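Colleague: no sequence on this one, just coordinates:
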């Protein structure tokens with residue numbers, strides 16, 4: 001009978017495949033969590049730009065606005081404007097709320113498509129002082 005010493009056995013191949021599967025199973029949740037954190041960072045960047053524009057607008061007009069047209073941000077932030085007070089991205093719906101007599105504002109990002117593993121629903125808000133809040137799990141943890 002001929003024996004081959006230079007080949008892998010079926011058991012050795014199965015062990016390697018199982019080890020690779022375990023490594024992948026451990027890595028996927030971390031990757032997806034990181035992807036959601038990146039999306040939250042995008043929303044915070046957009047909200048920060050809205051806040052800066054609102055503060056600049058208020059310094060000229062002495063009131064805040066609830067209109068993306070007045071701020072002129074839709075194109076520069078890659079937003080698709082759906083109304084005067086609302087715009088969207090792939091993952092977020094951005095709203096601007098002003099209280100009469102336009103003495104303050106809140107910009108809010110609401111998660112659109114929270115589907116799939118690692119995707120989380122919720123909202124993130126910012127006010128004139130720059131305070132970030134919301135019920136999204138990463139609202140206060142990602143810069």
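Modeller: Everything's here; your move. Just so we're clear, the structure is a prediction, and the values are computed from it rather than from any experiment.
Colleague: least trustworthy helix or strand in this structure by mean pLDDT?
Modeller: helix 74-77 (a mean of 78; mean pLDDT, DSSP states H and E).
Colleague: in it, what's buried?
Modeller: For helix 74-77, the neighbour count (16 or more other Cβ atoms under 10 Å) marks residue 77 as buried. Bear in mind the C-beta positions are built from the backbone N, C-alpha and C, glycine included.
Colleague: and the contacts of that helix?
Modeller: Helix 74-77 has contacts (Cβ atoms under 8 Å, 6 or more residues apart in numbering) with 46, 49, 68, 80, 81, 87.
Colleague: in helices only, show me the residues you listed.
Modeller: Among the contacts of helix 74-77, the ones falling in helices (DSSP state H) are 46, 49, 68.
Colleague: contacts only, for residue 130.
Modeller: Residues in contact with residue 130 (Cβ under 8 Å, 6+ apart) are 48, 51.
Colleague: and it, how far is that from residue 9?
Modeller: Separation of residue 130 from residue 9 (Cβ to Cβ, to the nearest Å): 63 Å.
Colleague: can you check residue 124 too?
Modeller: Taken as Cβ to Cβ, the span from residue 124 to residue 9 is 54 Å.
Colleague: do a quick rundown of the helices in this protein.
Modeller: Going by DSSP H, the chain shows helices at 10-61, 68-71, 74-77.
Colleague: distance from the longest one to the middle of the chain?
Modeller: This points to helix 10-61. Distance, stretch centre to chain centre, for helix 10-61: 8 Å (Cα atoms, centre = their mean, to the nearest Å).
Colleague: what of the second one?
Modeller: Centroid displacement of helix 68-71 relative to its chain, using Cα atoms, centre = their mean, is 22 Å.
Colleague: what's that helix packed up against?
Modeller: With contacts defined as 3 or more Cβ pairs under 8 Å, 6 or more residues apart in numbering; DSSP states H and E, helix 68-71 has these neighbours: helix 10-61.
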